[in-house]
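# Sequence unavailable; structure follows:
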């Protein structure tokens, strides 16, 4: 079998810790066909019920560094003292199968991917405000107070990068957020002459367009204000 002529659409999803990104990604993968998920490599230890090859590939620091030297990563970054990276092989595999590829990566990794793959579609997920994010962080874990405060500070820094993304998804109500994320994927596929989407519901493009960076400025203002961040000029 020869390699497919289909060039994968690459979707980048980033979000501050606690924004509900993992839930949205899991629901998206259940309901959208021909969409592969790139499982990141990391040097951090597994948490809770995490399994190697499911949430992450857990490797040693020396093994990760060898993969870097061998050029096996599309992107990699060090976060909180641990390495994280996206292997190139997922992109090759998606192309071979005629699928698209979803990357769940932080803002550092997203910036690297955007330089290498400027046509990638980038989506930034935001909590409805800082208070909600803090409540989610407290509810989901048994982290110490200093860890929670560090995550909130990191969230503020990450959110400042929203202007580099094509779409902004405000994760307020989960069912609506899932619908919007699906709409973005279907809408982008609909622009592709070689890959028309046969399962795209009516109104998908309009739903996606409302979340484009250029169209969401007014909805962003109160969220950014809750993090004491300015709205970029020219947004909205």
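Now that the structure is in, tell me what you want to look at. On a predicted model such as this, the values are computed, not experimentally measured, just so you know.
# wait, isn't residue 134 in contact with residue 152?
Yes - look at residue 134 against residue 152 with CB atoms under 8 Å: they come within range, at 6.1 Å. (C-beta placed from N, C-alpha, C; glycine too.)
# Show the low-confidence segments of this structure, by residue range.
Along the chain, the parts satisfying pLDDT under 70 run over 1-5, 141-142, 193-202, 231-236.
# mind redoing it with 80?
Scanning the chain for pLDDT under 80 picks out the ranges 1-6, 80, 140-143, 192-202, 230-236.
# What is the three-state secondary structure of residue 206?
Per DSSP: H, G, I helix; E, B strand; the rest coil, the secondary structure class of residue 206 is helix.
# Tell me, how many residues neighbour it?
Neighbours of residue 206 under the rule other CB atoms under 10 Å: 10.
# Counting by contacts, list what the helix ranked longest in the chain packs against.
Determined from DSSP state H, the single longest helix within the chain is helix 174-190. On a contact count with 3 or more CB pairs under 8 Å, 6 or more residues apart in numbering; DSSP states H and E, helix 174-190 meets strand 10-14, helix 21-31, strand 121-126, strand 167-170, helix 204-209.
# Nearest to residue 178, out of the ones you listed?
The closest of the helices and strands packed on helix 174-190 to residue 178 is helix 21-31. By CB to CB, the value is 4.7 Å.
# Name the residues that touch the closest one?
13-15, 35, 37, 102, 104, 125, 169, 171, 174, 177-178, 181-182, 185 (CB atoms under 8 Å, 6 or more residues apart in numbering).
# Would you mind listing the buried residues in that helix?
Going by neighbour count (16 or more other CB atoms under 10 Å), the buried part of helix 21-31 is 21, 24-25, 27-28.
# show me the contacts for the residue nearest to residue 53 when sequence neighbours are not counted.
Leaving aside its chain neighbours, residue 53 sits nearest to residue 39 (6.8 Å; criterion: CB to CB, 6 or more residues apart in numbering). For residue 39, the contacting residues are 53-57, 90, by CB under 8 Å, 6+ apart.
# most neighbours, which of those?
Among the contacts of residue 39, residue 90 has the most neighbours (other CB under 10 Å), with 21 neighbours.
# Could you check how far that residue is from residue 129?
34 Å (CB to CB, to the nearest Å).
# Which phi and psi values does the residue nearest to residue 53 adopt?
The phi/psi pair for residue 39 (degrees, to the nearest 10) reads phi -90, psi 120.
# now swap in residue 88 and tell me
Residue torsions, per degrees, to the nearest 10, at residue 88 are phi -60, psi -30.
# what about the closest residue to it other than its chain neighbours, how many residues close to it?
Here the nearest residue to residue 88 in space, its sequence neighbours aside, is residue 74; by CB to CB, 6+ apart that works out to 5.2 Å. Neighbour count for residue 74, taken as other CB under 10 Å: 22.
# A strand includes residue 74, no?
Yes - assignment of residue 74 by three-state DSSP places it within a strand.
# Which residue comes closest to residue 85 once chain neighbours are left out?
Per CB to CB, 6+ apart, closest to residue 85 is residue 76, 3.4 Å.
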